[in-house]
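> After the sequence you'll find the predicted model.
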Amino acid sequence: MRAGLKRDRVRDFLLDFIADKRPGEAIPSERDLCKELGVSRPTLRAAIDDLVRSGLLVREHGRGTFTGPHRVTQALSATPSGSFYAPPAEGHWQSRILEFGLIPAGPQLATRLQLSPAAPVLRVVRLRIVDDEPMAIERIQLPHALVEGLVPADMESGSFYRLLRERFGVDVRTAVQTIEATVTDETEAELLNVPQHFPALGVERTTRDADGRIVEFVRSMYRGDRYRVTSELYFDADSG
């Protein structure tokens with residue numbers, strides 16, 4: 001069997017092994033794993049390295065290798081109509097406001113928000129913190145006309161969409177969201193307390209209210225080792 005295939009087999013074994021473990025539990029020694037799987041130490045270490053880079057395993061010098069920290073899960077549940085319902089993500093979420101101010105929309109943002117280029121846009125950048133750990137950086141752009149009177153303290157805790165609905169009469173209903181693999185730059189790594197070029201999830205979302213108006217454009221960066229998205233899907237006779 002080729003080395004790459006052996007490493008994949010070892011990686012799949014380790015994924016199955018740690019799936020039922022709690023954060024911080026030790027995995028068996030390299031000697032025991034090599035004996036059980038019938039592979040060399042370099043092959044085993046290559047597979048472990050992959051999981052360490054993704055945050056699923058943690059090496060501690062002189063102690064061994066342990067399962068990584070708990071990942072915050074955002075569930076997306078498909079409906080028979082083909083849309084998704086997004087309940088609140090687990091954990092206690094708070095925010096530290098990094099930027100809060102008005103900017104002109106400009107050509108590109110005006111197109112995204114369906115505004116004139118001169119229209120004022122409220123730009124908010126916040127560090128999202130879950131259970132006292134930095135989780136994500138959110139860069140939010142909002143048409144200022146919809147949220148006049150919003151202040152930084154409003155975005156430090158609680159549901160932002162509930163705030164939009166209850167104070168500003170903006171009933172958020174739908175969004176188009178993309179998620180893709182990326183890595184952190186130097187500034188993002190420092191804020192998220194991870195190394196530069198650390199695996200991350202890049203999320204881009206355009207949000208509309210019940211009247212179809214675009215009310216928000218967001219770009220976010222989530223730690224790849226602490227955040228995951230799970231989806232519940234429906235299939236019919238035409239599904240691939």
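Nice, I can see it.
> How about exporting stretch 162-178 as PDB, limited to the C-alpha atoms?
Taking Å, rounded to 0.1, in the frame of the first residue of the first chain, the C-alpha atoms of stretch 162-178 are listed here in PDB:
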ATOM      1  CA  ARG A 162     -33.400  40.400  17.700                       C
ATOM      2  CA  LEU A 163     -32.100  43.900  18.400                       C
ATOM      3  CA  LEU A 164     -32.700  44.900  14.700                       C
ATOM      4  CA  ARG A 165     -36.200  43.500  14.900                       C
ATOM      5  CA  GLU A 166     -37.300  45.000  18.300                       C
ATOM      6  CA  ARG A 167     -35.600  48.400  18.200                       C
ATOM      7  CA  PHE A 168     -35.300  49.200  14.500                       C
ATOM      8  CA  GLY A 169     -38.200  47.300  13.000                       C
ATOM      9  CA  VAL A 170     -35.900  45.300  10.700                       C
ATOM     10  CA  ASP A 171     -37.200  41.800  10.400                       C
ATOM     11  CA  VAL A 172     -34.300  39.700   9.200                       C
ATOM     12  CA  ARG A 173     -35.600  36.700   7.200                       C
ATOM     13  CA  THR A 174     -33.200  35.300   4.600                       C
ATOM     14  CA  ALA A 175     -29.500  35.300   3.700                       C
ATOM     15  CA  VAL A 176     -27.100  34.000   1.100                       C
ATOM     16  CA  GLN A 177     -24.000  32.600   2.800                       C
ATOM     17  CA  THR A 178     -20.800  31.100   1.500                       C
END
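> Ramachandran coordinates for His197?
phi 60, psi 30 (degrees, to the nearest 10).
> Arg53 versus that one, what's the distance?
10 Å (C-beta to C-beta, to the nearest Å). No exception for glycine: its C-beta is placed from N, CA and C like everyone else's.
> The nearest residue to Leu56 once chain neighbours are set aside: what's it in contact with?
Distances taken as C-beta to C-beta, 6 or more residues apart in numbering put Gly68 closest to Leu56, at 4.9 Å, once the chain neighbours are dropped. Counting by C-beta atoms under 8 Å, 6 or more residues apart in numbering, Gly68 makes contact with Pro23, Gly55, Leu56, Leu57, Val58, Asp225.
> The third one against Leu15, yeah?
Yes - Leu56 is within contact range of Leu15, at 7.4 Å (criterion: C-beta atoms under 8 Å).
> Looking at the two, which is more packed in?
Comparing Leu56 with Leu15 by neighbour count (other C-beta atoms under 10 Å), the higher total belongs to Leu56, at 19 against 13.
> Strands along the protein, start to end?
Ranges of strands within the chain are 57-60, 64-67, 72-78, 84-85, 93-104, 120-130, 133-143, 172-183, 199-209, 214-223, 227-232, based on DSSP state E.
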